[in-house]
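Enquirer: Pasting the sequence and the predicted model now:
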Amino acid sequence: MIQKLRSPHPAALLAMVTLLGTALASHAGATPPPHANNPKKAKVQCVDRDDNARDLSVRVATTQGFETAQGRYAVPTQAPTELVVFAHGYGHTSASWVEHMKRSAAEHGVAAVAMDYRGTKISPDANGDGLPEARGWRVMEGAQDSIAAAQLFEAQCPSIEKIVIFGVSMGGNASGLAVALAKDAHRKDGSPLFDYWVDVEGAVNVIETYAGASALESVNEFAANAKADIEEEMGGTFQEKPDVYAEHAVVTRIEDIQASGIEGVIVVHGLDDGLVPYNQAREMTSLLAAAEIPTDMYTIGRKSAESERETTATSYAGNQLDPEYNSPMAGHASEKSQTHIVMVTAFDRLWTLLDGEAPGPYREFFVDGPTGTYPEL
């Protein structure tokens, strides 16, 4: 059941923002790369009679010239009025979003697109899930590629009126940066590119994510890979490139997010997330609220019976005592999932948003899986 929580007092919000700003301000201020552009040659199909996902190639403007970005998209059988840009997480590609995109088009009549982030190393399926593997923390590229895709659809599908960007995990980093960069990237008529941002278990503070991966690299291969991939994206360690890390952290870009013209944000995060700590959602929502950007925060407590076993913070300790221990709390959901409570809640909120219910001005909700299906807000 979903329960509304009391909004935090403005003074408490300002205190949290002040503390965060003091910690990060010395690293902020780097100039972002130029926003993405779409050559006239790029084409998309705005309607489709087939239930499939199509390949997409878009050229993106960078400081080194134009580069080609790859992705996938799905469109409904009638001209869509809404576009959702999905931003994938670490270890994933646009292939992880094919079923989500097809469902979005077939059941909700929206156009959907997901990009692969230039520079990501993609290899054949190695874990048996039928999807390719990926390495790379290419979040700035992901932001630029997502902007390019959104501009392309907006330019070529004139029926589109609303654009939502929806990022999961590392995709929260990429999608948040896309919103920040969109202060300089607009629609054809000059209006804001993105109307709303949905941040799902997002790694919005890459400085903290890097610190956590560094602490675990000697005992955890996943953490060691993430640390190496973040360093590759930033051009060095945090000690060597603090300004670059701050440029890539969404929590340091709140003024840019505000300047983008975004109308509202929805944040969804599992309380016991063992990959992206829950506190990153608290940091992001506090900054958004202080900037007076309409925001809804959804905290997921216990998981539902349908939720797959996932990474939880308490399981790290519990598995030392019992390897079969499975935490009852909601952790980090796989973005491929259509049944885990974090992803179910995020998509439910997306459809409600597209049906016309906007977030904010600042609201909090608590979602508890075992108590049953929560009501529509």
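Expert: Arrived safely, thanks for sending.
Enquirer: Would you mind identifying the helix or strand in this protein with the lowest mean pLDDT?
Expert: Sorting the helices and strands of the chain by mean pLDDT, DSSP states H and E puts helix 10-24 at the bottom, at a mean of 39.
Enquirer: Of all the residues in the next helix or strand along the chain from it, which ones are buried?
Expert: Later in the chain than helix 10-24, the nearest helix or strand by DSSP states H and E is strand 54-62. If you call a residue buried by 16 or more other Cβ atoms under 10 Å, then strand 54-62 has these buried ones: 56, 58-62. C-beta here means a position set from N, CA and C on the backbone, and glycine is covered the same way.
Enquirer: Relative to residue 108, which of those residues is nearest.
Expert: Nearest to residue 108 among those is residue 56, at 19.7 Å by Cβ to Cβ.
Enquirer: which residues sit in contact with that closest one?
Expert: 44, 70-73, 113, 115, 149 (Cβ atoms under 8 Å, 6 or more residues apart in numbering).
Enquirer: Who does it form a beta bridge with?
Expert: residue 71 (DSSP bridges).
Enquirer: What's the local residue count around the residue nearest to residue 124 when sequence neighbours are not counted?
Expert: Closest residue to residue 124 apart from its sequence neighbours, by Cβ to Cβ, 6 or more residues apart in numbering: residue 132 at 6.2 Å. Neighbour count for residue 132, taken as other Cβ atoms under 10 Å: 18.
Enquirer: quick one: residue 349 is in a helix?
Expert: Yes - judged by DSSP: H, G, I helix; E, B strand; the rest coil, residue 349 forms part of a helix.
Enquirer: what's the neighbour count on it?
Expert: Neighbourhood size, residue 349 [other Cβ under 10 Å]: 24.
Enquirer: Identify the spatial nearest neighbour of it, chain neighbours not counted.
Expert: Nearest one to residue 349, counting by Cβ to Cβ, 6+ apart, is residue 266 at 5.1 Å.
Enquirer: Contacts only, for the one you found.
Expert: 196-199, 295-296, 298, 346, 349-350, 353, 359.
Enquirer: can I assume it sits in a helix?
Expert: No - Residue 266 is assigned strand when assessed by three-state DSSP, not a helix.
Enquirer: How confident was the prediction at it?
Expert: Residue 266 carries a pLDDT score of 98 in this model.
Enquirer: Residue 305 now?
Expert: Here the pLDDT value assigned to residue 305 is 89.
Enquirer: how much space between it and residue 368?
Expert: Residue 305 sits 12 Å away from residue 368, going by Cβ to Cβ, to the nearest Å.
Enquirer: what about those two, which has more around it?
Expert: residue 368 (18 against 8).
Enquirer: Show me what the top helix by length along the chain is packed against.
Expert: In the chain, taking DSSP state H as the definition, the longest helix is helix 139-156. Applying 3 or more Cβ pairs under 8 Å, 6 or more residues apart in numbering; DSSP states H and E, one finds that helix 139-156 makes contact with strand 54-62, strand 65-74, strand 82-87, strand 111-115, strand 162-168, helix 170-181.
Enquirer: what is the orientation angle of it with strand 82-87?
Expert: 160 degrees (axes from the mean of the first three to the mean of the last three Cα atoms, to 10 degrees).
Enquirer: And the average pLDDT for helix 139-156 is what?
Expert: 97.
Enquirer: So what touches stretch 320-330?
Expert: 270-273, 300-303, 307, 309-310, 312, 314-315, 318-319, 340-342, 369-370.
Enquirer: What subset of the residues you listed is buried?
Expert: For these, a burial check counting by 16+ other Cβ under 10 Å picks out 270-273, 300-303, 307, 310, 312, 315, 340-342, 369.
Enquirer: Which of the residues you listed fall in helices?
Expert: 315, 341-342.
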